[in-house]
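Visitor: Take this sequence and fold it.
(2 chains)
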There are 2 protein chains.
Amino acid sequence: MTDYQHAQEYFLKIAQIDHAITYLQWDQLVMMPPGGSDGRAAAIAELSAMRHDMLCAEDLQEAVENASNNNDPEMTRNLAEMQRQIRNATCLPASLVKAQSLAGSKCEHGWRQQRIDNDWQSFLVNFEEVVKLAREEAQLRYSTAQQPLASPYDALLDLYCTGDSSELIAEIFATLKKELPVIIETVLDKQTEETVKLTGTYPIDEQKRLNRALMEKLEFDFQQGRLDVSSHPFSTGTRGDHRITTRFRTEEFFEALMATAHETGHASYEAGLPEKWDNLPIGSARNMSIHESQSLLFEKQIFLSRPFFNSFTETIHQFLPQTKTFSADQLRDVCCRVDPSYIRVEADEVTYPLHVILRFEIEKDLINGKAAAKDVPELWDDKMRKYLGLSTAGNDRDGCLQDIHWTDGSFGYFPSYTLGALNAAQLFAAIKQQNPDWQEHLAEGNITFIRDWLQKKIWSVASSMDSQDILEQATGEKTNAEAFLRHLKNRYVA
Amino acid sequence: MTDYQHAQEYFLKIAQIDHAITYLQWDQLVMMPPGGSDGRAAAIAELSAMRHDMLCAEDLQEAVENASNNNDPEMTRNLAEMQRQIRNATCLPASLVKAQSLAGSKCEHGWRQQRIDNDWQSFLVNFEEVVKLAREEAQLRYSTAQQPLASPYDALLDLYCTGDSSELIAEIFATLKKELPVIIETVLDKQTEETVKLTGTYPIDEQKRLNRALMEKLEFDFQQGRLDVSSHPFSTGTRGDHRITTRFRTEEFFEALMATAHETGHASYEAGLPEKWDNLPIGSARNMSIHESQSLLFEKQIFLSRPFFNSFTETIHQFLPQTKTFSADQLRDVCCRVDPSYIRVEADEVTYPLHVILRFEIEKDLINGKAAAKDVPELWDDKMRKYLGLSTAGNDRDGCLQDIHWTDGSFGYFPSYTLGALNAAQLFAAIKQQNPDWQEHLAEGNITFIRDWLQKKIWSVASSMDSQDILEQATGEKTNAEAFLRHLKNRYVA
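Guide: Here you go, the predicted structure:
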């Protein structure tokens, strides 16, 4: 067996453990009765430890190093991705990983009640420890990074937005900070009339059928996947078995539909990864900025496009006959309402980036030591007033206590939401340019031309290129705000 | 760390892998879309290999041996069970395990069509290899057994009916062979009138609610378990998360109810195992003869008892109003019809043991080299004519091709079905004797007194005693046919 084969065998085994963790976690969120919590947590922890031990095995590291002396670009790329995973696993001492796990669990657990109680002071006690440990983690990742990074925060960013630097992000976000307030003001002036009110009751069973119908339109393959219900929509899976979830409320049906379109985008990316690279690092989805671009492309660019939405309205009318009194335009307006508000997850696509920019700026300073955990509420209020004209002073429940991400130390994740939105607009602009008859296709509810394009430009590329190189080969440009701003102006201002 | 603690740590890790395999297999049978097959098979195979490697680790064997010099009876027992598991894992060479896995998959795969085609000759080609390898396995297990065994077949029997020897079984089966034909003849003479015909349509959703109601009566805890649907009912799970399945048909509802009662018995045993021994060999369910006694006790002894069935009829009438025209006795008669037939899984409880005895006699001779694979159809026909008065000559589809068990070499499993039925009757007789007011409790649909008794006598004992010792401490006798025959006479002849 060659060194390369030896390394590949390791990653194949790691992939089998990941398979187990994937579906055990899905089960935990979708199927498991409450009594299973402790046993499941212990099993996943054990499998994660096994996975970690494998990544840290000395003979794996030796095999990867020995194999790196070759002239095969695909092999070289795969080895580089292997090395990145090994470095990410080995650069932190077990004591830090354990301390982070404990501090994260404690902070997250406390947060669930502290958020309800608007109790920042109690949260802060746990959160200070989380921040302290995250700084240690960032420093260690920063000092062991293969490529020099601009700051410790960049080392955390690299876990989620792999390849997208804080410098690139800051530059893009500066443009958004300048342009979005102008757009928002124009939209709010223009958007005078109220949308129609959905006052009906929409039975869950009918909604389930409607959501499945949407997935079929979006070419989800139910022979290779499922739709289920969970308290927060998500997408997961492996080759041949992609699972998405949504959530239903009887008084409203668009939240479920949008989540379903969104998660179908995530699942389509995973399903489109090249089979030849299954279970190898080179074959993984690139990063969260690209992943989120696929989900937002399906949700915001396809589903909410006027021609596709028009064609799908017939299906909405069919499954939910109560909606027949409303036209396609009236229904679409309900989904395209702009309204500056406190809560990120409820924000419209125009104001959403400002929620993310605020978090990016605060977490960057937190990790790089330029802000302290105790200052977060004041920073939050200050930025909310500046960016969205809303104050969260004394209202941390709807301010800095609203998200789960920071409670377990997941700093560096937030930017991927907005990078994803920008990438989605940029990719869709390229698709439209290369498919002059795009409107006719969408008006027929046909998205095959989009899937084929994404398959070629994004899905089949997997991790064989860096994120910004993927964007560039697909659209001619690195991630930038232009297509996104044009999209917003077209949809909300024109 | 002591040697004993070291060994315990190993088994804790093995239990975490078992946890993963348990729910991955559940998912495979209940949730997984077809596209997931290959990936799931590969993941389970990898986890099984890891489990096997752990059981075969030299330092585990050393730790268990070093720890065995102690005066603690519980520790001694646990170490003995550890040693049994280690011996079972290490006594077969990897080459044989692999050959068996391949031959078993091939034979089972072919069988699915060959059974439909009534094609014994094609089946035989694969089956001869399965038998040859099973004989090798039996010989190896026989020659490495800790206690001397009567025959190679006993070594396979010990995997499922651990502690129940072929000699004990043959003795019990001899009694059944003598007594059952007499009972059957009497019942068939007496059982003249037809039962009522269930000709309604019974909606699945209503049946689901009815089955959940039955599980609640049987004190299944839905905070610690689930009911789902699969093509063959089964039960699985770990501490805090017990999952059973049933299957529904709209034209009939008793099959689902009986399966639900049956699987609830299995799940109750697992849930009742002592928490202090979680993840240790001493804490496992004893063997399949005891396991099946719990499921059959719930299905045949409790659910089909006249007082419980009477009390539950109100619930049947409530969820399936079409049944209101039938009395409790009329409905119960539908479930208590005796009718000698070809198919084991469809057999009533009076004729069922004869199906098992036939298989036991044939598989014992097959493994001990006293019969050849090619002789099976003739042996089957011969015994079917003798025991049940039915010929399967030329009809192997309804004869020796009907079961899946032998196709992958699971010889030694069948006796547990009938040992379970006998144990169930014997345990229930003891419960009735010690609870003179048992009829009043059951007439109120209250089975707490039964669960409490089983908890104390069977569930809490787990694997801390041998199977026949468990029976003896609970009922005063080793497994025998007496209580079962008395039960049949009471229910079907009296």
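
Visitor: residues of the longest helix along chain A that come out buried?
Guide: Taking DSSP state H as the criterion, chain A has its longest helix at helix A:3-30. Neighbour counts over helix A:3-30 (16 or more other C-beta atoms under 10 Å in any protein chain shown) mark A:3-4, A:6-8, A:10-11, A:13-24, A:26-28, A:30 as buried. For glycine as for every other residue, the C-beta is placed from the backbone atoms N, C-alpha and C.

Visitor: tell me the domain boundaries of chain A?
Guide: Split into domains by automatic domain parsing, chain A comes to A:3-147, A:148-494.

Visitor: packing partners for the longest helix of chain A?
Guide: Packing partners of helix A:3-30 (3 or more C-beta pairs under 8 Å, 6 or more residues apart in numbering or on different chains; DSSP states H and E): helix A:37-55, helix A:58-67, helix A:73-90, strand A:235-238, strand A:241-246, helix B:3-30, helix B:37-55.

Visitor: TSV for those, including mean pLDDT and distance to A:Lys456?
Guide: TSV is the format used below for those (pLDDT from 0 to 100; distance: least, C-beta to C-beta, whole Å):
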stretch	mean pLDDT	distance to A:Lys456
helix A:37-55	93	32
helix A:58-67	96	29
helix A:73-90	95	18
strand A:235-238	98	22
strand A:241-246	98	20
helix B:3-30	96	33
helix B:37-55	93	24
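
Visitor: Please identify the deepest-packed of those.
Guide: Highest mean neighbour count among these (mean count of other C-beta atoms under 10 Å in any protein chain shown): strand A:241-246, with a mean of 26.

Visitor: Write out the residues of the stretch 1-150 of chain A neighbouring chain B.
Guide: A:13, A:16-17, A:19-20, A:23-24, A:27, A:31-40, A:42-43, A:46-47, A:50 (C-beta under 8 Å from any C-beta of the partner chain).

Visitor: How far off centre is stretch A:223-239?
Guide: 15 Å (C-alpha atoms, centre = their mean, to the nearest Å).

Visitor: Likewise for stretch A:407-423?
Guide: The answer for stretch A:407-423 is 7 Å, by C-alpha atoms, centre = their mean.

Visitor: send the alpha carbons of that stretch over as PDB?
Guide: Extracted C-alpha coordinates of stretch A:407-423, given in PDB (Å, rounded to 0.1, in the frame of the first residue of the first chain):
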ATOM      1  CA  THR A 407     -22.800  30.600  23.800                       C
ATOM      2  CA  ASP A 408     -20.700  27.600  22.800                       C
ATOM      3  CA  GLY A 409     -17.900  29.700  21.300                       C
ATOM      4  CA  SER A 410     -18.800  29.400  17.600                       C
ATOM      5  CA  PHE A 411     -17.100  32.700  16.700                       C
ATOM      6  CA  GLY A 412     -16.500  33.300  13.000                       C
ATOM      7  CA  TYR A 413     -19.700  31.700  11.800                       C
ATOM      8  CA  PHE A 414     -22.000  34.700  11.300                       C
ATOM      9  CA  PRO A 415     -20.200  36.200   8.300                       C
ATOM     10  CA  SER A 416     -21.000  33.100   6.200                       C
ATOM     11  CA  TYR A 417     -24.700  34.100   6.200                       C
ATOM     12  CA  THR A 418     -24.100  37.300   4.400                       C
ATOM     13  CA  LEU A 419     -21.200  36.100   2.200                       C
ATOM     14  CA  GLY A 420     -23.700  33.300   1.200                       C
ATOM     15  CA  ALA A 421     -26.300  35.900   0.300                       C
ATOM     16  CA  LEU A 422     -23.800  37.900  -1.800                       C
ATOM     17  CA  ASN A 423     -22.500  34.700  -3.500                       C
END
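
Visitor: model confidence over it, on average?
Guide: Here stretch A:407-423 scores 97 as its mean pLDDT.

Visitor: List the buried residues of stretch A:473-483.
Guide: Residues of stretch A:473-483 classed as buried: A:474-475, A:478-481, A:483 (neighbour count, 16+ other C-beta under 10 Å).

Visitor: Next: stretch A:178-196.
Guide: For stretch A:178-196, by 16+ other C-beta under 10 Å, it's A:179-181, A:183-184, A:187, A:191.

Visitor: ok but A:Ala393 is inside a strand, no?
Guide: No. Under DSSP: H, G, I helix; E, B strand; the rest coil, A:Ala393 falls outside any strand and is assigned coil.

Visitor: Need the nearest residue in space to it, chain neighbours excluded.
Guide: Closest residue to A:Ala393 apart from its sequence neighbours, by C-beta to C-beta, 6 or more residues apart in numbering or on different chains: A:Asp381 at 4.7 Å.

Visitor: Remind me what whatever helix or strand the one you found lives in packs against, helices and strands.
Guide: Using DSSP states H and E, A:Asp381 sits within helix A:376-388. Helices and strands touching helix A:376-388, by 3+ C-beta pairs under 8 Å, 6+ apart, are helix A:352-367.

Visitor: so the helix it packs on versus helix A:376-388, what angle?
Guide: With axes from the mean of the first three to the mean of the last three C-alpha atoms, to 10 degrees as the basis, helix A:352-367 and helix A:376-388 are set at 150 degrees to each other.

Visitor: Give me the residues contacting helix A:352-367.
Guide: Residues outside helix A:352-367 that contact it (C-beta atoms under 8 Å, 6 or more residues apart in numbering or on different chains) are A:131, A:134-135, A:138, A:151-153, A:156, A:166, A:169, A:173, A:176-177, A:180, A:344, A:347, A:370-373, A:376, A:379-380, A:383-384, A:387-388, A:403, A:406, A:411-412, A:414-415, A:417-418, A:421.

Visitor: quick revisit: which of the domains of chain A is buried the deepest?
Guide: Mean neighbour count (mean count of other C-beta under 10 Å) peaks for domain A:148-494 among the domains of chain A, with a mean of 19.

Visitor: from the chain's centre, how far out does that domain sit?
Guide: Centre-to-centre, domain A:148-494 and its host chain are 8 Å apart (C-alpha atoms, centre = their mean).
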